[in-house]
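[1] Quick one: sequence and predicted model below, then my questions.
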Amino acid sequence: MSGQGVREVVRDILAERAPREARLLDGMASLSDRQITRVFRRSRTRRDPLGFGAAEVVALIAPVVWLVVNEVAQRSAATAVDGASRWGRAWVRRVRGLPDPPAQVPALSGGQLEDVRRKVVERARASGLAAEAAEALADAVVARLALAPGDD
Amino acid sequence: MTDTGVLRRDQRLLGQGSTRRCVLFLVLVVTLVAGLWLRAVRVLVSSGQGPDVLDRPHHPSRGPLPLDALRLVKLELARPYEVRALDNAESTAATAVAVTLLIAAVLHLGGSAWRRRRLVRIGPEDIRLYAPLRQLALRAGLRRVPAFSYAPRRPGTGAVTLGAAGRYGIALDNGLKSVLEGAPFCGSPCACERPEPARVVAPPPGGARNRCGWSRNGRCPLAEPCPAPGLGPCGGGGRSGRHGRDVPEGGGAVNATEPPPCPALDNWFRETRDGAICAAVVLHEMAHVRNRDVELGNAVRALWLAFAATTVLPYAVLLAWLGGGAALGAGPAGQQCSPLREGFLVALLVTTVYVAYTDILRHRELCADLDAVDWGADPRAWHVLAEQQVQRRMGPRWELRHWHKEPEDSWPALFRWAYETRLLRSGTRPWHTHPGWWWRIRALERPPHPVGGYGTWTQATILTGTVVALMHMLFNELAHATDLAPLTSYLFYGGAVLCVSLGRTLTVHPNEPVRPRPRPFGAASAGRTRRAVLLGGSVLLLVVLDPLGLGA
């Protein structure tokens, strides 16, 4: 199923809403989508004996947007291919040291977009964003997902 | 920053004696490895023997029997592996020491290479990032600019110093790198280094072809190889070499050892929140490089990890096996020593080692903070970072300004001050390698006497404690087999008393002359006779009481 890449979608949203966090995502170009998901799920990294600075994730909206969009893409992939086949292929890729293919975000229906909007607001509020900012972010995410590939 | 007219205190007093403490830490770990392996053999062989085998009325009943006593009853031991263990006890301990040192060396030298595999290099060709970092390196007075990289998997705004054997690097978190990318760009020249100062000369005919030019788009326009050390085509690859360059009249690259002035970048570091945080974090790490903390910190950490892997873990497994067997009734019958007591003693020793390790690293952190501020970092950046880190833990009504207040002179005021500062939550934990934020921010205010001329009481206590543990292990484990038992107890208790009386002096700053001073346990310095009587009396009392049972 063709669609937009998760990275492409998230980057477009961040470039509009938080340019610095878009640069943060650009710095993760060498990581796979799975690795980026793991980074954003962790709220704190291990402290080094000679380290200094704030170790917590200081990005506010990048984790929210990435995790929601990635979840949409993963759910779409899960319904397209059965679980055993998907895990089997993932295992073979890891054994052979091949990179994971980038997850694709399919075109979404109106109901699915509403669902995404609600999830973005929930997660944004949970991460400390004000209500208005969370609503504005959710609108931006939905607007971007509603664009078909090539409509930029 | 220091005020005019105020004598600038040497903040290295905070880290004084770090090298000596590192050497002592090394000796302590080596002795503990040997001592604990010998003790493990004693525990293993003593456990499961019947009381008739081990009935030796002249030996203390506390803990496992000494090796010499066990060797006397070797033929009566229950299991054959116990005989082999006894015969090879000393060589086993020596092998354990060698393996520990080898693992520590591998971790020290190879640890940073292993960690670098996940980093992305920031080279001179990434001039947007490299130029501000290089400017900060010059502020810090580093003769050799460290290698820079960033960690894509770390989204925070921190940094860490890596390296060993003189080759150091600074790895920025991805979040800090993205903040640094927002710094103003001044179109600085290629990062070629000049070993000699510039000489203003007339420009050569036909234009200057062999000089680094100004780049306007972040990329060096020149294609010929850059003779600067470590750089290839200006902005690319690497080739070593030294040369001098002539500067044409009227401008151009003035002195490529220093980037040209960039007021916008200086203002960004000084006047914006992001710039201040970047400067504070990077200059702090550069202070670690300049103070050689990387070698010290990595070596101590490697030693600790090697000690934990080769000695603490196997000993814990042995005690668990003995204790579990006794609890289930399946282990050796008739155990003489309690695994719980052994476990408690070992935990105490290991805790002392770990606290000594973290104390060494904590004081180097404070030195690095003060150096960073001296090189231009804004102390308010520490406030911002502290608030980011601790706000949630401190609760909604806590404010950072409470940390700058002193308590008034009354009990209610003291309790109110302790509540407002959240002292228990903001204090330094002994097991942390970094000081607590309260201590860090107070240290930046440069109180007149944070430690005095002899180091802190924590340093003295830990130093004394480790030396005492060292001597106890040495005399109890290695010299007990001889008939010199009373002499070893005299030596041990005499040494312990000397350590307590000299402990603080061992942390003295190298420039501070050692003079008779008031001793820690209360003896006034006046009167040599009084001091000698007190010291000699302490030794005699300890020998007579013999609380550790060394003289039996």
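    Received, thanks.

[2] just the strands in the chain please.
    Reading this off chain A. Assigned by DSSP state E, the strands in chain A fall at A:4-5, A:51-52, A:104-105.

[3] Chain B is the one I meant
    If DSSP E is used as the criterion, the strands of chain B fall at B:120-122, B:147-151, B:159-164, B:167-173, B:199-201, B:246-248.

[4] my guess is residue B:275 meets residue B:176, correct?
    No. Contact criterion Cβ atoms under 8 Å: residue B:275 and residue B:176 do not qualify, at 11.7 Å. Heads up, the C-betas are built off the backbone N, CA and C, glycines and all.

[5] gap between the residue nearest to the spatial centre of chain A and residue A:122?
    Centroid check for chain A by Cα atoms, centre = their mean gives residue A:66 as the closest residue, at 1.8 Å. According to Cβ to Cβ, to the nearest Å, residue A:66 and residue A:122 sit 15 Å apart.

[6] And for residue B:265?
    From residue B:265 to residue A:122 the distance is 41 Å (Cβ to Cβ).

[7] Compare neighbour counts for the two and give me the winner.
    residue B:265 (20 against 14; other Cβ atoms under 10 Å in any protein chain shown).

[8] residue contacts, that one?
    B:131-132, B:135, B:183-184, B:186 (Cβ atoms under 8 Å, 6 or more residues apart in numbering or on different chains).

[9] more neighbours, residue B:275 and residue B:176?
    Legend: neighbour count by other Cβ under 10 Å for residue B:275 and residue B:176, higher for residue B:176 (28 against 23).

[10] near chain A, anything from stretch B:377-394?
    Yes. Using Cβ under 8 Å from any Cβ of the partner chain, we find that stretch B:377-394 touches chain A at B:385, B:388-389.

[11] How far does the longest helix along chain A sit from its chain's centre?
    Taking DSSP state H as the criterion, chain A has its longest helix at helix A:62-80. Using Cα atoms, centre = their mean, to the nearest Å, the distance from the centre of helix A:62-80 to the centre of the chain it belongs to is 6 Å.

[12] any idea how far the residue nearest to the centre of chain A lies from residue A:9?
    Using Cβ to Cβ, residue A:66 is found at 9 Å from residue A:9.

[13] and what of residue A:145?
    7 Å.

[14] Can you work out which residues contact both of those two?
    Contact criterion Cβ under 8 Å, 6+ apart; residues shared by residue A:145 and residue A:9: A:69, A:105.

[15] one step back: report the separation between the residue nearest to the centre of chain A and residue A:22.
    Look at residue A:66 and residue A:22: by Cβ to Cβ, they are 12 Å apart.

[16] out of the strands of chain B, nearest to chain A?
    Taking Cβ to the nearest Cβ, strand B:159-164 is the member of the strands of chain B nearest to chain A, at 3.9 Å.

[17] Kindly export the closest one (C-alpha atoms) in CSV.
    What follows is strand B:159-164, C-alpha atoms only, in CSV (Å, rounded to 0.1, in the frame of the first residue of the first chain):
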residue,chain,number,x,y,z
ALA,B,159,27.0,16.7,26.3
VAL,B,160,29.6,14.2,27.4
THR,B,161,33.3,13.9,27.1
LEU,B,162,34.9,10.8,25.7
GLY,B,163,38.3,9.5,25.0
ALA,B,164,41.5,8.1,26.5
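
[18] who does that strand pair up with?
    Strands adjacent to strand B:159-164 in the sheet, as given by DSSP bridges, are strand A:51-52 (antiparallel), strand B:167-173 (antiparallel).

[19] Let's see the longest one as PDB, backbone CA atoms only.
    Right, strand B:167-173. What follows is strand B:167-173, C-alpha atoms only, in PDB (Å, rounded to 0.1, in the frame of the first residue of the first chain):
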ATOM      1  CA  ARG B 167      42.700  11.700  22.400                       C
ATOM      2  CA  TYR B 168      39.500  13.300  23.500                       C
ATOM      3  CA  GLY B 169      36.200  14.200  22.000                       C
ATOM      4  CA  ILE B 170      33.000  15.900  23.100                       C
ATOM      5  CA  ALA B 171      29.700  14.300  22.100                       C
ATOM      6  CA  LEU B 172      26.700  16.700  22.100                       C
ATOM      7  CA  ASP B 173      23.200  15.400  22.600                       C
END
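
[20] Contacts for that strand next, please.
    By Cβ under 8 Å, 6+ apart, strand B:167-173 touches A:45, A:53, A:55, B:112, B:115-116, B:119, B:122, B:133, B:146-151, B:154-163, B:180, B:281-282, B:285-286, B:289, B:294.

[21] go again using 6 Å as the cut-off
    Contact with strand B:167-173 is made by B:119, B:146-151, B:154, B:156, B:158-163, B:285, B:289, B:294, as judged by Cβ atoms under 6 Å, 6 or more residues apart in numbering or on different chains.

[22] what comes up buried for that strand?
    Buried residues in strand B:167-173, counted by 16 or more other Cβ atoms under 10 Å in any protein chain shown: B:168-173.

[23] Same question for stretch B:413-429.
    For stretch B:413-429, a neighbour-count test (16+ other Cβ under 10 Å) marks B:420-422, B:426, B:428 as buried.

[24] Could you single out the nearest of those to residue A:99?
    Among the buried residues of stretch B:413-429, residue B:428 lies closest to residue A:99 (Cβ to Cβ), at 43.7 Å.

[25] Quick check: that closest one vs chain A, distance?
    Distance from residue B:428 to chain A, counting by Cβ to the nearest Cβ, to the nearest Å: 14 Å.

[26] wait, isn't that residue in contact with residue B:436?
    Yes. Contact criterion Cβ atoms under 6 Å: residue B:428 and residue B:436 qualify, at 3.9 Å.

[27] Nearest residue to residue 146 in space, please, no chain neighbours.
    Here I'm looking at chain A. In space, residue A:146 comes closest to residue A:113 once its chain neighbours are excluded; the distance is 6.2 Å by Cβ to Cβ, 6 or more residues apart in numbering or on different chains.

[28] sorry, should have said chain B
    Nearest non-adjacent residue to residue B:146 (Cβ to Cβ, 6+ apart): residue B:168, at 4.6 Å.

[29] Would you mind splitting chain B into its domains for me?
    Domain assignment for chain B by automatic domain parsing gives B:383-450, B:467-545.

[30] any idea which of the ones you listed scores lowest on pLDDT?
    Among those, domain B:467-545 carries the lowest mean pLDDT, a mean of 59.

[31] per-residue confidence at whatever residue of the stretch 151-300 of chain B ends up closest to chain A?
    Nearest to chain A, among the residues of the stretch 151-300 of chain B, is residue B:158, at 2.6 Å (Cβ to the nearest Cβ). Residue B:158 is assigned a pLDDT of 88 by the prediction.

[32] what's the answer for the one 5 residues further on, then?
    In the prediction, the pLDDT value recorded for residue B:163 is 82.

[33] residue contacts, it?
    Residue B:163 makes contact with B:112, B:169, B:294, according to Cβ under 6 Å, 6+ apart.
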